[in-house]
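> missing the sequence, but the structure's below:
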């Protein structure tokens, strides 16, 4: 599938991106190459291939999660610059 310079120029205009002639040529060639590669992938028979989350046989090493003693609120708030009851007081950032 070919992407024309006019298509790239139109999308760039919608995105408010200014591209010169050299960039238009380069990007249209790159996008055409990407879409050609996707077309090649579509032609492959993947019916008997199991889905995979990763191409390498890598597994996470997870430890058992055991509940433990929590830090008391007073200790957690000990160095807080400002606190109210059992909460940190932080500056308002949303108007």
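All right, it came through fine. Note that the structure is predicted; figures quoted are calculated from it, not measured.
> tell me the SS of residue 6?
The three-state label given to residue 6 by DSSP: H, G, I helix; E, B strand; the rest coil is helix.
> which SS class is the residue nearest the centre of the chain?
Nearest residue to the geometric centre of the chain (CA atoms, centre = their mean): residue 53, 15.6 Å. Reduced to three states with three-state DSSP, the structure at residue 53 is coil.
> after the biggest helix by length in the chain comes which helix or strand?
Criterion DSSP state H: the longest helix present in the chain is helix 21-42. Using DSSP states H and E, the helix or strand that follows helix 21-42 in sequence is helix 73-76.
> run through who's touching that following helix.
Residues outside helix 73-76 that contact it (CB atoms under 8 Å, 6 or more residues apart in numbering) are residue 86. C-beta here means a position set from N, CA and C on the backbone, and glycine is covered the same way.
> apply 10 Å and report the result again.
Contact partners of helix 73-76, identified using CB atoms under 10 Å, 6 or more residues apart in numbering, comprise 70, 83, 85-88.
> closest one of those residues to residue 24?
residue 88 (51.8 Å; CB to CB).
> the closest one bridge partners, please.
According to DSSP bridges, the partner residues bridging residue 88 are residue 83.
> and the average pLDDT for the strand or helix carrying residue 13 is what?
Taking DSSP H and E as the definition, residue 13 sits inside helix 5-15. Per-residue pLDDT over helix 5-15 has a mean of 93.
> any idea of the angle it forms with helix 21-42?
Computed by axes from the mean of the first three to the mean of the last three CA atoms, to 10 degrees, the angle separating helix 5-15 from helix 21-42 equals 100 degrees.
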